[in-house]
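In: Give me a 3D structure for the following:
(chains A, B, C and D)
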2 protein chains.
Amino acid sequence: MDAPRWLDARENRAWRGYRRMRRLLDLELARELMQDAGLSEPDYDVLSDLSETPDQRLRLSELADRMLWSRSRLSHHLARMQQRGLVGREECPSDGRGSVVVLTPAGRAAIEAAAPGHVAAVRRHLIDLLTPEEIDALGALTQRVVDRLSGRRTTPEG
Amino acid sequence: MDAPRWLDARENRAWRGYRRMRRLLDLELARELMQDAGLSEPDYDVLSDLSETPDQRLRLSELADRMLWSRSRLSHHLARMQQRGLVGREECPSDGRGSVVVLTPAGRAAIEAAAPGHVAAVRRHLIDLLTPEEIDALGALTQRVVDRLSGRRTTPEG
DNA sequence: GCGGGTTTGGTGACATGTCAACAAGTCGGT
DNA sequence: ACCGACTTGTTGACATGTCACCAAACCCGC
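Out: Now for the predicted structure:
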């Protein structure tokens, strides 16, 4: 058991700042999104992922993987969104177990109404406060961390 | 209603990367913390904040403000932690309404046992993957965003 | 084709977080 | 001293997320 390498002043500033930003940004973006569009962030993410897909439809497990959600969580959440008419479910033609999530017209309307305001909020509270260099640094750094955690390599091998 | 300024490729990479990192980092750190120390991240944060305070004790509302939690959330969470013997409650001598949260010996033991491993995990999955320049950039950028969201100015005025 | 092992999505029980309402205590003007 | 407005912390109802488990469907070697 080695002596732990604690964080030094700079590392601490980065780590604490990251966590504080995370929390504040979440609260504010969620607040505005709910107020302006009547959607929670999870709602928005589901609709957003669905709307970016060619047919506006995805297998439940495919959607869960993209969102990094458990199937159980997605299943519960979709049930609630289905109640509100934002998404629908279809049987999967190629797999009898499968279920396909579809964006309804109401769901499409909701995401189209919400998106401009949400992007503006992301700009206002984050993106537009950063220099181009910081944006690139953030992009590079997050990608590296994500790649490691996803078990992939940073450099394509072979 | 102007045409929305969508995010360009670089901005998108930063924003999506940030959100993906957020999610993956959370899952992994929470998983390791629970496995190694039997604590959730909220547990850890409460114990950590308390242990950094001179008397190992804080007014409930003071703690809530530091953590950016609602009082209700903290009250519920403390009740659960109290059940497990990690924290205690005392009456506040200066304010009859108030309640003071105290770190118990068991709570102190828990945070001291958990901290080295948790810091190591933060290093392994984030800090040690960044260059010194990136650490400074992250510190600067998060502080700027946090200051704005907290309603404070970036530059001290006056 | 069949049968064991896997995958898929759903379910209920439970843990956690949010919200509105509340009782008790404090504060300040009169 | 008293009254009304505010603050503090708690509570219960409810929304959301997690976990373990299950039935149905799939896959694949035989």
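In: Which element, helix or strand, includes the closest residue to DNA strand C within chain A?
Out: Nearest residue of chain A to DNA strand C (Cβ to the nearest atom of the strand) works out as A:S61 at 2.6 Å. All C-beta spots, glycine's among them, are computed from the backbone N, C-alpha and C. Assigned by DSSP states H and E, A:S61 belongs to helix A:60-67.
In: and that helix, is it in reach of DNA strand D?
Out: No. Looking at helix A:60-67 against DNA strand D by Cβ under 7 Å from any atom of the strand, there are no contacts, and the closest approach is 10.3 Å.
In: got a list of contacts for the helix or strand just after that helix?
Out: Per DSSP H and E, the first helix or strand lying C-terminal to helix A:60-67 is helix A:71-83. The contact list for helix A:71-83 (Cβ atoms under 8 Å, 6 or more residues apart in numbering or on different chains) reads A:42-43, A:46, A:60-61, A:63-64, A:67, A:69, A:87-89, A:101, A:107.
In: Show me which residues of chain A sit near DNA strand C.
Out: Within chain A, the positions near DNA strand C by Cβ under 7 Å from any atom of the strand are A:59-61, A:64, A:71-72, A:75-76, A:78-79, A:89, A:92, A:95, A:97-99.
In: what stretches of chain A score poorly on pLDDT?
Out: A:1, A:152-158 (pLDDT under 70).
In: what about the strands in it?
Out: A:57-59, A:87-91, A:99-103 (DSSP state E).
In: would a markdown table of those strands with mean neighbour count be doable?
Out: What follows is those, written out as a markdown table (neighbours: other Cβ atoms under 10 Å in any protein chain shown):
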| stretch | mean neighbour count |
| --- | --- |
| strand A:57-59 | 18 |
| strand A:87-91 | 15 |
| strand A:99-103 | 19 |
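In: possible to save the ones you listed as CSV with distance to A:E28?
Out: Shown next, in CSV, are the strands of chain A (distance: least, Cβ to Cβ, whole Å):
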stretch, distance to A:E28
strand A:57-59, 29
strand A:87-91, 26
strand A:99-103, 27
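In: so which of the ones you listed gets nearest A:D8?
Out: Closest of the strands of chain A to A:D8 is strand A:57-59, at 44.5 Å (criterion: Cβ to Cβ).
In: So is that closest one next to DNA strand D?
Out: No. Residues of strand A:57-59 are not located near DNA strand D by Cβ under 7 Å from any atom of the strand, the shortest gap being 12.1 Å.
In: what lines up beside that strand in the sheet?
Out: Sheet pairing of strand A:57-59 (DSSP bridges) gives strand A:99-103 (antiparallel).
In: Look through chain A and state the residue closest to DNA strand D.
Out: For chain A, the residue closest to DNA strand D is A:G96, as judged by Cβ to the nearest atom of the strand, at 2.5 Å.
In: just checking, A:D49 touches A:D65?
Out: No. Using Cβ atoms under 8 Å as the test, A:D49 is too far from A:D65 to be in contact (10.5 Å).
In: Show me which of those two is the more surrounded one.
Out: Between A:D49 and A:D65, counted using other Cβ atoms under 10 Å in any protein chain shown, A:D49 has the larger neighbour count: 17 against 13.
In: which parts of the longest helix along chain A are buried?
Out: The helix that spans the most residues within chain A, counting by DSSP state H, is helix A:9-37. Of all the residues in helix A:9-37, those buried under the rule 16 or more other Cβ atoms under 10 Å in any protein chain shown are A:11, A:13-15, A:17-18, A:20-22, A:24-25, A:28-30, A:32-33, A:37.
In: Next, the angle from it to helix B:9-37.
Out: Orientation check (axes from the mean of the first three to the mean of the last three Cα atoms, to 10 degrees): helix A:9-37 against helix B:9-37 gives 110 degrees.
In: Show me what from chain A comes close to DNA strand D.
Out: Counting by Cβ under 7 Å from any atom of the strand, the residues of chain A near DNA strand D are A:S40, A:P42, A:W69, A:S70, A:S72, A:R73, A:H76, A:H77, A:R80, A:D95, A:G96, A:R97.
In: between those, which is nearest A:L141?
Out: Distance to A:L141 across the residues of chain A next to DNA strand D (Cβ to Cβ) is lowest for A:W69, with 24.1 Å.
In: Please tell me how far that closest one sits from A:H76.
Out: 10 Å (Cβ to Cβ, to the nearest Å).
In: neighbour-wise, which of these two wins?
Out: Shown here are A:W69 and A:H76; by other Cβ under 10 Å, A:W69 has more neighbours (18 against 12).
In: What residues does the more buried one make contact with?
Out: Shown in contact with A:W69 (Cβ under 8 Å, 6+ apart): A:L63, A:H77.
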